[in-house]
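Trainee: Got a predicted structure plus its sequence, pasted below:
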Amino acid sequence: MSMLSSPAVLPDETVDHHADVLVVGGGLHGCAIARDLAGRGWRVLLCEQDDLAAHASGATGKLVHGGLRELARLDLGGVKRALLERHRLLHAAPHLLSPVRLVMPHDDGMRTASLIRLGLWWHDQLAADSGLAPSEAVGLRRSRLGALLQPGWSRAFVYTEVMADDTRLAVLCARDAAEQGALVLTRTRCEQAVPREGGWRATLARRDPAAGQVVRRLQVQARVVVNAAGAWAPGVLGDVLGLAPAAGALQNGEPAGWSWQRSTHMVVPRCSDPDHGCVFHTRSGRFVFALPYERHFTLIGAVEHAHQGALDVAASAQDIGLLCEEVGRYLIRPPRPEDVVWAYAGLRGSPQRSRRGEEGALGRHLLQAQVRPAPVLTVWGGTLSSFRLLAEQAADQVGDLLGERRLAWTAEAALPGGLLGELLDKRVSPELDMLAFQSRLRQRHPWLDLPLLRRWTRAYGSRVLRLLDGVRGRGDLGAEVLPDLFEAELYHLRRQEWAMTAEDVLWWRSKLGLHATPAQREALADWFARQHCGTGQADMVWLHGATGTAG
């Protein structure tokens with residue numbers, strides 16, 4: 001990508017919107033940063049050129065790790081930080097996170113069994129207040145956990161991690177940001193930004209999601225730009241902001257020693273225990289996870305390769321074949337490439353690994369601030385496990401750039417839908433609270449089928465009560481566009497969660513795409529086409545959904 005040595009000068013134009021901070025990039029980290037900043041009282045505008053979390057943030061392994069990587073490096077401080085972040089996220093979004101028990105067969109290429117048992121015991125002590133089940137050693141030949149594994153595997157360790165809905169975490173961070181006063185604009189690209197009036201004058205171009213052409217441009221004046229564009233961050237720095245790399249700080253527009261990894265996952269019909277995931281040690285020394293997913297499926301990944309070139313990446317046949325080969329060493333009936341129902345890939349950036357092994361989950365991000373010619377903060381890297389902490393650190397640095405640090409607030413704050421106490425007499429633990437909430441909701445709405453109730457409570461948490469306000473039966477939900485997908489929910493997703501296309505609903509606001517037939521997907525696309533009644537009305541929906549107004 002080209003790096004411009006000096007920014008062009010735009011003619012003076014009327015400013016459509018004034019903001020303290022313009023956040024470029026609507027992945028999980030950009031949405032979380034916008035949320036944190038808006039909650040501190042700053043005027044925030046977030047723009048995303050595609051849909052929220054439509055790239056790397058929606059292509060994760062879905063695990064919020066509890067610090068075992070740090071423990072392997074004897075970084076006890078890192079373990080405690082990881083456990084604390086996991087604890088905070090479980091309480092902030094109990095509807096989006098759930099514990100999962102993982103079975104790890106012991107491989108001769110791993111550390112000794114006694115050393116692994118000792119490490120897991122230490123981890124259990126550090127996580128004693130988490131409320132999650134402790135680890136244990138099992139003999140696979142006498143346990144049902146070995147039923148799906150090849151008979152050569154005789155010993156395993158079982159421990160607990162936490163799975164998360166990564167795309168909905170991003171969407172609900174954006175929802176919270178909007179309710180704190182932020183303006184969230186999807187399908188809106190930052191085309192150019194130039195220094196002006198002590199900040200940045202940015203030109204934003206909004207595309208029609210159906211036709212693809214630009215339908216509106218906005219001029220935004222912002223005091224600080226936060227570049228949270230992920231793999232697109234070098235292009236934002238050079239092509240959009242016109243910034244040459246600072247001497248010694250960047251190489252080819254990226255931090256020195258930085259690398260990009262293409263990470264590939266695949267979803268297959270269930271091939272593991274429905275209540276347990278598996279952790280498989282590969283011949284390369286990495287680990288592959290096989291996780292129970294969406295009731296009828298198993299999520300398997302990841303295989304990683306160094307990446308250079310195009311930023312839009314997809315799962316390759318070679319990577320899918322490699323995943324099938326690796327899990328084939330363990331499972332009696334391993335998946336074949338033709339069994340794959342969905343595969344995805346994403347780019348994650350990270351500093352070069354140290355001699356002591358893989359970097360920790362909370363150490364894979366870097367924040368770089370520049371004050372000339374106008375203030376910019378660029379976010380490099382980040383993980384699903386550390387997104388809240390990264391956002392807090394970024395908001396602190398933005399405060400420094402604005403000359404006014406304001407108090408952090410997200411550590412104890414719930415995400416939208418996370419306050420399950422609205423139906424509960426007492427709180428016990430995130431997992432049990434979720435079950436109790438579902439039971440109380442069924443009592444209040446006995447007409448709700450269990451699959452729909454479980455999906456809605458997992459997607460919306462306590463905010464399902466808003467969706468059901470005034471609803472006395474399925475007939476009040478409007479037309480059933482797909483099985484258990486009613487117009488009432490679709491209108492909610494359009495107005496409150498920036499859903500503009502069928503793909504937004506099927507893959508980013510839910511995973512209904514795994515369950516829908518091609519004809520059903522086409523029916524949903526037709527429904528959205530009927531809602532798109534001309535560019536003018538589409539613009540009204542775009543702005544309405546962005547402002548945080550209820551309706």
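Mentor: Happy to help now that I have it.
Trainee: So which elements touch the helix or strand containing Leu83?
Mentor: For Leu83, the element it lies in under DSSP states H and E is helix 76-92. The elements that helix 76-92 packs onto, with contact taken as 3 or more CB pairs under 8 Å, 6 or more residues apart in numbering; DSSP states H and E, are strand 63-64, helix 68-72, helix 113-126, strand 155-164, helix 387-402. Placement of C-beta: from N, CA and C, glycine included.
Trainee: so which of these gets nearest Ala202?
Mentor: helix 387-402 (15.9 Å; CB to CB).
Trainee: Report the buried residues of that closest one.
Mentor: Neighbour counts over helix 387-402 (16 or more other CB atoms under 10 Å) mark 387-399, 401-402 as buried.
Trainee: circling back: least reliable of the helices and strands packed on helix 76-92 going by mean pLDDT?
Mentor: Here the lowest mean pLDDT among the helices and strands packed on helix 76-92 goes to helix 68-72, at a mean of 87.
Trainee: Extract the CA atoms of that one and return them as PDB.
Mentor: Extracted C-alpha coordinates of helix 68-72, given in PDB (Å, rounded to 0.1, in the frame of the first residue of the first chain):
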ATOM      1  CA  LEU A  68      -3.100 -21.700  30.400                       C
ATOM      2  CA  ARG A  69      -0.800 -20.200  27.700                       C
ATOM      3  CA  GLU A  70       0.600 -17.900  30.300                       C
ATOM      4  CA  LEU A  71       0.900 -20.700  32.800                       C
ATOM      5  CA  ALA A  72       3.000 -22.700  30.400                       C
END
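Trainee: What is that helix packed up against?
Mentor: helix 76-92, helix 113-126.
Trainee: Compare these and give me the one nearest Trp258.
Mentor: The nearest among the helices and strands packed on helix 68-72, by CB to CB, is helix 76-92 at 20.7 Å.
Trainee: Can you give the distance of that closest one from its chain's centre?
Mentor: Put simply, helix 76-92 sits 17 Å off its chain's centre (CA atoms, centre = their mean, to the nearest Å).
Trainee: now it: mean pLDDT?
Mentor: pLDDT averaged over helix 76-92 gives 94.
Trainee: buried ones in it?
Mentor: Of all the residues in helix 76-92, those buried under the rule 16+ other CB under 10 Å are 78-79, 81-83, 85-92.
Trainee: repeat for stretch 272-284
Mentor: In stretch 272-284, counting by 16+ other CB under 10 Å, buried: Ser272, Asp273, His276, Gly277, Cys278, Val279, Phe280, His281, Thr282.
Trainee: Looking at those, which are in helices?
Mentor: Using DSSP state H, no member of the buried residues of stretch 272-284 falls within helices.
Trainee: Dump those into JSON lines; add distance to Thr298 and pLDDT as well.
Mentor: Output for the buried residues of stretch 272-284, formatted as JSON lines (distance: CB to CB, whole Å; pLDDT from 0 to 100):
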{"residue": "Ser272", "distance to Thr298": "5", "pLDDT": "84"}
{"residue": "Asp273", "distance to Thr298": "10", "pLDDT": "86"}
{"residue": "His276", "distance to Thr298": "11", "pLDDT": "94"}
{"residue": "Gly277", "distance to Thr298": "8", "pLDDT": "96"}
{"residue": "Cys278", "distance to Thr298": "9", "pLDDT": "96"}
{"residue": "Val279", "distance to Thr298": "13", "pLDDT": "95"}
{"residue": "Phe280", "distance to Thr298": "12", "pLDDT": "95"}
{"residue": "His281", "distance to Thr298": "18", "pLDDT": "92"}
{"residue": "Thr282", "distance to Thr298": "17", "pLDDT": "88"}
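Trainee: Include distance to Leu63 when you put the residues you listed into a markdown table, please.
Mentor: A markdown table is the format used below for those (distance: CB to CB, whole Å):
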| residue | distance to Leu63 |
| --- | --- |
| Ser272 | 15 |
| Asp273 | 17 |
| His276 | 14 |
| Gly277 | 9 |
| Cys278 | 13 |
| Val279 | 10 |
| Phe280 | 14 |
| His281 | 16 |
| Thr282 | 16 |
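Trainee: Let's see which of those end up in strands.
Mentor: Taking DSSP state E as the definition of strands, the buried residues of stretch 272-284 contribute His276, Gly277, Cys278, Val279, Phe280, His281.
Trainee: I figured Ala436 hits Glu422, correct?
Mentor: No: judged on CB atoms under 8 Å, Ala436 makes no contact with Glu422 at a distance of 11.8 Å.
Trainee: Okay, buried residues for stretch 120-134 please.
Mentor: In stretch 120-134, counting by 16+ other CB under 10 Å, buried: Leu120, His123, Asp124, Leu126, Ala127, Ser130, Leu132.
Trainee: what's the most distant pair in those residues?
Mentor: Maximum distance among the buried residues of stretch 120-134 (CB to CB): 13.7 Å, for Leu120 and Ser130.
Trainee: and Asp319, helix, strand or coil?
Mentor: Counting by DSSP: H, G, I helix; E, B strand; the rest coil, the backbone at Asp319 sits in helix.
Trainee: Hmm, it is touching Thr264, no?
Mentor: Yes: if you go by CB under 8 Å, Asp319 and Thr264 touch, sitting 4.0 Å apart.
Trainee: Next, show the common contact partners of these two.
Mentor: Contact with both Asp319 and Thr264 is made by residues Val303, Ala345, according to CB atoms under 8 Å, 6 or more residues apart in numbering.
Trainee: which one is Arg40 nearest to, not counting chain neighbours?
Mentor: Distance criterion CB to CB, 6 or more residues apart in numbering; nearest residue to Arg40, sequence neighbours excluded, is Arg406 at 4.1 Å.
Trainee: That neighbour: how many residues sit nearby?
Mentor: 16 (other CB atoms under 10 Å).
Trainee: Can you list phi and psi of it for me?
Mentor: Backbone torsions of Arg406, given as degrees, to the nearest 10, read phi -120, psi 160.
Trainee: close enough to count as contact, it and Asp36?
Mentor: No: applying CB under 8 Å, one finds Arg406 not in contact with Asp36, separated by 9.9 Å.
Trainee: shared neighbours, these two?
Mentor: Common neighbours of Arg406 and Asp36 (CB under 8 Å, 6+ apart) are Ala395.
Trainee: Now render the helices and strands packed on helix 68-72 as a markdown table, adding distance to Trp153.
Mentor: Shown next, in a markdown table, are the helices and strands packed on helix 68-72 (distance: least, CB to CB, whole Å):
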| stretch | distance to Trp153 |
| --- | --- |
| helix 76-92 | 28 |
| helix 113-126 | 13 |
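Trainee: out of those, nearest to Gly58?
Mentor: Among the helices and strands packed on helix 68-72, helix 76-92 comes nearest to Gly58, with 17.2 Å by CB to CB.
Trainee: rewinding a little: of all the helices and strands packed on helix 76-92, which one is nearest Ala523?
Mentor: It's strand 155-164; of the helices and strands packed on helix 76-92, that one is closest to Ala523 (CB to CB) at 29.8 Å.
Trainee: for the helix or strand following the closest one, packing partners?
Mentor: Next in sequence after strand 155-164, counting helices and strands by DSSP H and E, comes helix 166-179. Secondary-structure packing of helix 166-179 (3+ CB pairs under 8 Å, 6+ apart): helix 28-39, strand 44-47, strand 183-185.
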